[in-house]
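Asker: I'd like to go over a predicted model; first the sequence, then the structure.
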There are 2 protein chains.
Amino acid sequence: MQVNIPLKQVVDNSYDITIDTLPKLSYDTKVAIVTNPKVSGLHLGYLLSKISAKELYIITVPDGEAYKNQASIDLILESLFNHRFNRKSLLIAFGGGVIGDMTGYASSIYQRGIDFVQIPTTLLSQVDASVGGKTGINNSYGKNLIGAFHQPRTVYIDPHFLTTLPSREFGAGVAEVVKMAVTFNADFFNYLESADLNDKKSLQEAIKQAVQTKAGVVAKDEKEHGLRAALNYGHTFGHVIENETGYKKYLHGEAVAIGMVMANALAVKLGLMKENEADRVKDLLKKYDLPTSYTIENVESFYDAFFLDKKSSDATITFILPVGIGDVKITDSVAKETVISVLEGFSR
Amino acid sequence: MQVNIPLKQVVDNSYDITIDTLPKLSYDTKVAIVTNPKVSGLHLGYLLSKISAKELYIITVPDGEAYKNQASIDLILESLFNHRFNRKSLLIAFGGGVIGDMTGYASSIYQRGIDFVQIPTTLLSQVDASVGGKTGINNSYGKNLIGAFHQPRTVYIDPHFLTTLPSREFGAGVAEVVKMAVTFNADFFNYLESADLNDKKSLQEAIKQAVQTKAGVVAKDEKEHGLRAALNYGHTFGHVIENETGYKKYLHGEAVAIGMVMANALAVKLGLMKENEADRVKDLLKKYDLPTSYTIENVESFYDAFFLDKKSSDATITFILPVGIGDVKITDSVAKETVISVLEGFSR
């Protein structure tokens, strides 16, 4: 005999992103701000002047991608249990992408899921990590290999925080902005070529366009069954670069910048992109001092490392390749020798 | 300025439960059977005679509630990474509730979620854990405090496995069957009073009715915002008992049996249930040799332990109290002194 468990439901995970000076926030529940020592030193006073809660806690985890791991999650969860957070309690992610991903993941598994709010403080996390609900941690096998899809309740993007952002981190954010333009929006790319993002007004406009572009993609494909994979443009190569360099040499956005250059080289090789289009992307990245070259020590092991990437299936690698500027192709049928020959262009 | 991220979607997590001899199963992906040494010793040969996959792996974790922890999850995930499982790979939970909860949780966080199939081998997991998608692990603060909602792709309930079930474990399963009847289905309760579940045909009928009852509840409230909480009847007390006894003295269903007796005592005290109805429940539990008494050493600390239970809110405890037999009331407004006086009935 058979019993059907009917679980077809309308689920509304919609939320708003406010791009503006942070408003006054007031919560009648327990709230924990999850942040790191650096961000809290720079900006916690500002946040605390804006926020009130029934009970407020601050949890700091070590700063940097190297600490985006289970130990940091344990540290966050331990504090929540210790202070008896319940299902109505709230976490606030206050920091860059690492803080956002970890806070989101912790909130997704604490008592099978509680709400969290994002207040991203870097350009990268404002334009990228704030949209889409991907949360997770790294382990010895690679990046984001453990995690969940868990949407924030809301996101506040306050340009104020960018005033203290080191220029390398600013550039890393620009890389994700460029990514969104190359894959989905030619007009936006043209705008970026003409604008100077060091100008505050231009920057806010660029953040808005980047967020809107990503939102459009995520709305069509929340759990990355198809189109959303296109946002991994530059990431297939970038993840291997980050892994090879122990997540220490490059910021995530910097690795993605190099990854986009590599993906473009493969796209040119396959006739999807013109040389001069690839050059325009490279020039735009250079304008913000992003790295565009990388020396692959061992082409075969670089290739092999693709296969652990979670976007890969059994015996294939999924590449996200630009089609000119403003369009994208997702393909898992690129011959190994074609990839190898492109990788060899980056070896000694 | 504000950008809305529209994520309103129809999500279909429906699945079928087959109550019958296990059919032949064939998968064209990587499959890992997650089980424990005892179940695999008894039944893995039977399962392997029915199953084929592109690549098949067996992962055993230590047996018992005491090992339903992060270390076991790490052990499972490590194996999946080691064998390069991808998003299309599948886990099969082959064992009791502990195996089901852990396999479900591991599959919910591996690469942000992969599919899993349940083949429950105990009566408890067949009637309870197989329906609802609750997954998770315990920690030093209590039971199931870390986890996710993650529905299985399908469930196979094969009565064959129950032939080797120790009588204590059989009774623990009956406790959950009784729970479903008391809270939602008076006819089903009457049936249970007259039937002998040691008879195979009566047992299959009871499994079907229990599963259908729970399915009806879960379909209305997948993520436990309201009605579904009623399935925690007996659990508010039971969790504290399990915690106090280190998850070792009682099987989960046994602790729930005692918990139901305690909840009934509170319901009688509040005039929701008659003495003789409480007695009928107790008699039914005794018929299957379930424990119905427990000595509380310290009433205050027992009461205090309620507050860490995840179903509790800030300063209140949610009690699930039967209204007669076949109906239930969820309330968080029972005065502390009323609860204490009931708990004192269970102290020395």
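Answerer: Looks like it arrived, so ask away. Numbers count the residues shown, from 1 in each chain, chains lettered A, B, ... in the order given.
Asker: Flag every buried residue along stretch A:332-344.
Answerer: A:334, A:339, A:342-343 (16 or more other Cβ atoms under 10 Å in any protein chain shown). Backbone N, C-alpha and C define where each C-beta goes, glycine included.
Asker: How about residues contacting the host helix or strand of A:I330?
Answerer: Element membership for A:I330, per DSSP states H and E: strand A:328-331. Contacting residues not belonging to strand A:328-331 are listed as A:182-184, A:226-227, A:229-230, A:233, A:272, A:318-323 [Cβ atoms under 8 Å, 6 or more residues apart in numbering or on different chains].
Asker: quick one: strands adjacent to it?
Answerer: Using DSSP bridges, the strands paired with strand A:328-331 in its sheet are strand A:319-322 (antiparallel).
Asker: And the buried ones among the contacts of strand A:328-331, selectable in ChimeraX?
Answerer: A single ChimeraX command selects the buried members of the contacts of strand A:328-331 (16+ other Cβ under 10 Å):
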select /A:182,183,184,229,230,233,272,318,319,320,321,322,323
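Asker: and the buried residues of stretch A:332-344, which two are the farthest apart?
Answerer: Across the buried residues of stretch A:332-344, the longest distance by Cβ to Cβ is 11.7 Å; it joins A:V334 and A:L343.
Asker: what comes up buried for the biggest helix by length in chain A?
Answerer: Ranked by residue count under DSSP state H, the longest helix found in chain A is helix A:200-220. Within helix A:200-220, the residues scored as buried using 16+ other Cβ under 10 Å are A:203-219.
Asker: out of these, which touch chain B?
Answerer: Contacts with chain B within the buried residues of helix A:200-220, as defined by Cβ under 8 Å from any Cβ of the partner chain: A:204, A:208, A:211-212, A:215, A:218-219.
Asker: Now render those as CSV, adding distance to A:A106 and pLDDT.
Answerer: Formatted as CSV, those follow (distance: Cβ to Cβ, whole Å; pLDDT from 0 to 100):
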residue, distance to A:A106, pLDDT
A:Q204, 30, 89
A:K208, 29, 92
A:V211, 24, 92
A:Q212, 28, 91
A:A215, 24, 88
A:V218, 21, 85
A:A219, 25, 83
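Asker: quick one: which of these is nearest A:S49?
Answerer: Comparing those against A:S49 with Cβ to Cβ places A:Q204 closest, at 22.2 Å.
Asker: can you give me the helices in the stretch 1-150 of chain A?
Answerer: In the stretch 1-150 of chain A, the helices defined using DSSP state H, counting those that start in this stretch lie at A:37-48, A:70-82, A:97-109, A:123-124.
Asker: and those helices as JSON lines, adding mean pLDDT, mean neighbour count and distance to chain B?
Answerer: JSON lines is the format used below for those (pLDDT from 0 to 100; neighbours: other Cβ atoms under 10 Å in any protein chain shown; distance: least, Cβ to the nearest Cβ, whole Å):
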{"stretch": "helix A:37-48", "mean pLDDT": "93", "mean neighbour count": "16", "distance to chain B": "20"}
{"stretch": "helix A:70-82", "mean pLDDT": "95", "mean neighbour count": "18", "distance to chain B": "4"}
{"stretch": "helix A:97-109", "mean pLDDT": "97", "mean neighbour count": "27", "distance to chain B": "5"}
{"stretch": "helix A:123-124", "mean pLDDT": "92", "mean neighbour count": "28", "distance to chain B": "16"}
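Asker: For these, give me CSV that also has distance to B:E193.
Answerer: Formatted as CSV, the helices of the stretch 1-150 of chain A follow (distance: least, Cβ to Cβ, whole Å):
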stretch, distance to B:E193
helix A:37-48, 60
helix A:70-82, 41
helix A:97-109, 41
helix A:123-124, 64
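Asker: How about residues contacting stretch A:340-348?
Answerer: Stretch A:340-348 has contacts (Cβ under 8 Å, 6+ apart) with A:262, A:265-266, A:269, A:293-297, A:299-300, A:302-303.
Asker: now check whichever helix or strand comes after the longest helix of chain A, is it near chain B?
Answerer: Using DSSP H and E, the helix or strand that follows helix A:200-220 towards the C-terminus is helix A:235-244. No: using Cβ under 8 Å from any Cβ, helix A:235-244 stays clear of chain B, with a minimum separation of 12.9 Å.
Asker: Name the residues that touch helix A:235-244?
Answerer: Residues contacting helix A:235-244 (Cβ under 8 Å, 6+ apart): A:65, A:142-143, A:250, A:252, A:255-260, A:262-263, A:294, A:297, A:302, A:305-306, A:309, A:311, A:317-320.
Asker: just checking, next helix/strand downstream of it?
Answerer: Downstream of helix A:235-244, the next assigned helix or strand under DSSP H and E is helix A:252-269.
Asker: what about that next one, distance to the chain center?
Answerer: Its chain's C-alpha centre and that of helix A:252-269 lie 16 Å apart, by Cα atoms, centre = their mean, to the nearest Å.
Asker: Which strands and helices lie in contact with that helix?
Answerer: For helix A:252-269, the elements it packs on are helix A:167-184, helix A:235-244, helix A:275-287, strand A:319-322, helix A:336-344, judged by 3 or more Cβ pairs under 8 Å, 6 or more residues apart in numbering or on different chains; DSSP states H and E.
Asker: Which residue ranges make up each domain of chain A?
Answerer: Listed by automatic domain parsing, the domain ranges of chain A are A:17-163, A:166-344.
Asker: Need the winner for burial among those.
Answerer: domain A:17-163 (a mean of 21; mean count of other Cβ atoms under 10 Å in any protein chain shown).
Asker: Between the two ends of that one, how far is it?
Answerer: End-to-end distance of domain A:17-163: 20 Å, with Cα to Cα, to the nearest Å as the criterion.
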